[in-house]
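> Quick one, structure for this:
(chains A and B)
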Amino acid sequence: MASRGSEPNEPAVVVVVGETGSGKSALAIELARQFNGEVVAADSRTVYRGMDIGTAKPTMEDRQGITHHGFDVVKPGDQFTAYDFQQLAERTIAEIASRNKLPLIVGGTGLYIDAFLYDYIFRPKPAASVRAELLNLSVLELQKRVMESGLQLPGNAQNPRHLRRLLEGGDTPMQHNVPRSHTLVLGLCIARPELKQRITDRVEAMFAAGLIDEVKSLLARYGDVEALRAPGYKAVGAFLKGEIDLEEAKRRFVRDDLRLAKRQRTWFRRNPNIHWLGESSKLEQATELVSVFLQRH
RNA sequence: GCAGGGAUAGCGAAGUGGCCAAACGCAUGUGACUGUAAAUCACACGACUUAUGUCUUCGGGGGUUCGAAUCCCUCUCCCUGCA
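Residues are numbered from 1 along each chain as shown, chains lettered A, B, ... in the order given. A predicted model of the protein is given here:
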């Protein structure tokens, strides 16, 4: 197990977090250019191959020659978890640092970020057969199992995922509030009306870039998999099935992205270790913060 | 013009004398979340609020009643059949 915090030779890492559409990727690329860095995406959807347009994965042109990690790691339908991300991040950061470059972790998947930042200790992975069995139980049955096992119902006793996890792993995990040392965490947040505008424009651009074809081929190839349960993919899927028209699909995409942004905001807001960038000249603020940070590490 | 149906909170839609500040769905808001997390789930949602608290609502106005979103009269608007 990787020890943290007290490790003297841990590489310095810059982390950029924020809600979808807040401009994380662009900021990270710019910082990577200025500080000789490489980007590690902490994003539960861009890990999938072929999910490009709908996840707003930066194109080769967008990347401006900056090396990106964490994209296209598995194919839709494969399982990729927070634990997998944690391992990948750890390994990749060491590699980047060994090349004397600055690792920049960028993403909106709060669980991934925290797994890295707070060195989450995950419970032992259960056998596949156990997981498969639990998958078929209703919430009521899951609750019954939990109580029969002498466990306490979780705060969200109606959430099948939390119930399953409890049954798979046993005790509640330990809390970690001490972040990894040598780490600077930058947060991006924009006013809601502006975010709505940006997301609306982005959705429009995605359709123009061929989102429908992308979804069509992904569905044909992988079927209705978990990975495709994301705002744009779900909406376009419904459109392709003829359930809704194009306008409705766009509307839902925007709506679900905004809801996602809200959840991301809620997640990150409780993190006291984030340096939130103010309204204007975000790049300048970020540059300044990173410069100071690097001088000390 | 005659006959009939309808107007309910942001929208849709229940409710046909007291248990109604008013079901339910959508939209929205807030939050939880250590192994699929762009997921999953909880709560709030007339106003004021600490409230099992007060106040103002069910198109407008006027009645009946101890009590009305619910009954009666009337006005306004909408839909349908006949003219």
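> For residue A:114, give me its contacts.
Residues near residue A:114 by Cβ atoms under 8 Å, 6 or more residues apart in numbering: A:120, A:271. No exception for glycine: its C-beta is placed from N, CA and C like everyone else's.
> That one: helix or strand, and which one exactly?
Element membership of residue A:114 [criterion: DSSP states H and E] is helix A:110-117.
> ok, and does that helix reach over to RNA strand B?
Yes. Shown here: helix A:110-117 in contact with RNA strand B (Cβ under 7 Å from any atom of the strand) through A:110-112, A:114-115.
> pull the CA atoms of that helix into PDB?
Provided in PDB are the C-alpha atoms of helix A:110-117 (Å, rounded to 0.1, in the frame of the first residue of the first chain):
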ATOM      1  CA  GLY A 110     -15.000  13.600  -7.400                       C
ATOM      2  CA  LEU A 111     -14.700  10.100  -6.200                       C
ATOM      3  CA  TYR A 112     -11.600   9.500  -8.400                       C
ATOM      4  CA  ILE A 113     -10.000  12.800  -7.300                       C
ATOM      5  CA  ASP A 114     -10.600  12.000  -3.600                       C
ATOM      6  CA  ALA A 115      -9.400   8.400  -4.000                       C
ATOM      7  CA  PHE A 116      -6.100   9.900  -5.100                       C
ATOM      8  CA  LEU A 117      -6.000  13.000  -3.000                       C
END
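> following that helix, which helix or strand comes up?
Next in sequence after helix A:110-117, counting helices and strands by DSSP H and E, comes helix A:128-135.
> Check which helices and strands that next one sits against.
If you count contacts as 3 or more Cβ pairs under 8 Å, 6 or more residues apart in numbering; DSSP states H and E, helix A:128-135 packs onto helix A:160-169.
> Which elements pack onto the next helix or strand after the helix it packs on?
As assigned by DSSP H and E, the chain's next helix or strand after helix A:160-169 is strand A:183-188. Where contact means 3+ Cβ pairs under 8 Å, 6+ apart, strand A:183-188 is packed against strand A:13-18, helix A:24-35, strand A:275-276, helix A:282-296.
> Can you tell me which of those is packed in deepest?
For these, the largest average neighbour count (mean count of other Cβ atoms under 10 Å) is found in strand A:13-18, namely a mean of 26.
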